[in-house]
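Engineer: sequence and predicted model, in that order:
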Amino acid sequence: MPSDRGPSHLAAMKGDGFYNRHSAMQATGIAALLSLWEASCRTVAIGEGPVTVVDYGCSQGRNSMVPMRLAIKVLRSLSGPSVPIEVVHTDLPSNDFSALFEALASDPNSYMNEASDVFPSAIGRSYFEPLFPPQRVTLAWTTWALQWMSDSTIEAPDHILAGMSAEPAVISAVTQQQARDLERFLTLRSREMRPGAKLLAGFTARTADVTGWEWLLGELWLTLCDMKTEGWLSEPERKHLTIPIGLRTLAEIEQPFMQAGGFADLALDHLELFKLTDPFWEQFERTGDASAFAKHHADMTQAWCAPTIARLIGPSREPNAFVNEMFARFEHRLSQRPRPHEPYMAAVVVSKRA
């Protein structure tokens, strides 16, 4: 999952390139968005001067290379070979930007390979804050990010993920916070977008009945419960260890646009929900290697949430030791009853009114 996720007191993805190496599910979701992204690139209003493409919530960059390369290819066909294109990656200040720039320099899929008049840069700031001067952005992309909430104070007594609590008070708090967050994100982006600009967002969502995360994060929750029982943390500490992620329905995503005239000069061009396939399940069915399957999913989960867990548990518990113990137990649980992990993803395209 991506990591421009809320204010800077929250953690980015696990560093030292770990997220780049363990983000196969995120890559699966991104691949499913590419045809919609290409269509957005082909229909965007380019306007005068340099073209600015923004990757909001870039994390360590590996999964950004293919969509950014596709955008450059399409924009070049529309604007000509010499119009400067700047690609700006944004994420939290704690993000591993060194891995991003290493990927730009050496990844086989780097959009800088054989590129000319393409200028990459990065901004270390939350996307719940202004990031660009007004009307700077031509085309925007963000994936696996908008499920993270800007407020980490919601605590769930019955799950490690705020958005998977069954408690009415928690559900209400998450719904309200996500509504505020979505409106703030859209308002800020609208100010930054040029007239005719487009933004594509793909992020974890849900149906009215299921999230697709029941198995994977259910096992993570049970791991935490076992550790609480065995004295690794107290009940108040366990409750505080709530990952600030919610899972919107399509109706909740559409809500800001239901008012007459759209929202913040933005029009909702496309909205859909689709289920992703598990990138490791086919290999498991072929080999029967439950240990390898469990390690893939444990590493992938650790990549996006371990730093947040370490911050939430606090320094008195030796966060690194706690996280290592937690994910070792989690991996073992996953190996005992493997299931396909098939989360839902929302695909949203908005355009700035001309």
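Structural biologist: Sure, I can see it.
Engineer: Gly246 and Val170: what is the separation?
Structural biologist: The spacing between Gly246 and Val170, counted by Cβ to Cβ, to the nearest Å, is 10 Å. For glycine as for every other residue, the C-beta is placed from the backbone atoms N, C-alpha and C.
Engineer: ditto for Thr277
Structural biologist: Counting by Cβ to Cβ - Thr277 and Val170 are separated by 30 Å.
Engineer: between the two, which is the more surrounded one?
Structural biologist: Taking other Cβ atoms under 10 Å, Thr277 and Val170 do not tie; Val170 has more neighbours (21 against 13).
Engineer: give the buried residues for the longest strand along the chain.
Structural biologist: Criterion DSSP state E: the longest strand present in the chain is strand 193-205. Within strand 193-205, the residues scored as buried using 16 or more other Cβ atoms under 10 Å are 193-194, 197-205.
Engineer: quick check, nearest of those to Leu220?
Structural biologist: Thr204 (14.7 Å; Cβ to Cβ).
Engineer: is it true that that closest one touches Glu342?
Structural biologist: No. The criterion here is Cβ atoms under 8 Å, and Thr204 misses it with Glu342 at 12.0 Å.
Engineer: alpha carbons of stretch 194-205, as CSV, please.
Structural biologist: As requested, the backbone C-alpha atoms of stretch 194-205 are provided in CSV (Å, rounded to 0.1, in the frame of the first residue of the first chain):
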residue,chain,number,x,y,z
ARG,A,194,-5.3,23.2,-14.0
PRO,A,195,-8.7,23.6,-15.7
GLY,A,196,-9.2,20.3,-17.7
ALA,A,197,-6.7,18.4,-15.5
LYS,A,198,-7.5,14.8,-14.4
LEU,A,199,-6.8,12.8,-11.3
LEU,A,200,-7.0,9.0,-11.0
ALA,A,201,-7.2,7.5,-7.5
GLY,A,202,-7.2,3.7,-6.8
PHE,A,203,-7.6,2.7,-3.1
THR,A,204,-8.8,0.0,-0.8
ALA,A,205,-12.6,0.0,-0.6
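Engineer: what about the strands in the stretch 51-200 of the chain?
Structural biologist: Using DSSP state E, counting those that start in this stretch, the strands of the stretch 51-200 of the chain run over 51-56, 85-91, 118-124, 137-143, 193-205.
Engineer: now the stretch 251-354 of the chain
Structural biologist: Using DSSP E, counting those that start in this stretch, the strands of the stretch 251-354 of the chain run over 266-275, 344-352.
Engineer: so what's the residue nearest the centre of the chain up against?
Structural biologist: Centroid-nearest residue in the chain, with Cα atoms, centre = their mean: Trp144, separated by 2.0 Å. Residues near Trp144 by Cβ atoms under 8 Å, 6 or more residues apart in numbering: 1-2, 26, 29, 57, 59, 202-204, 304.
Engineer: out of those, who's nearest Glu285?
Structural biologist: Glu285 has its nearest neighbour among the contacts of Trp144 in Gly29, at 21.1 Å by Cβ to Cβ.
Engineer: and the pLDDT for the residue nearest to the centre of the chain?
Structural biologist: On the pLDDT scale, Trp144 is placed at 91.
Engineer: and if you look at Asp117?
Structural biologist: The model reports Asp117 with a pLDDT of 92.
Engineer: what's around it, how many residues?
Structural biologist: 14.
Engineer: pull the contacting residues for Gln135.
Structural biologist: Counting by Cβ under 8 Å, 6+ apart, Gln135 has contacts 191-195.
Engineer: same question for Ile154.
Structural biologist: Per Cβ under 8 Å, 6+ apart, neighbours of Ile154: 162, 170, 173-174, 177, 242, 244.
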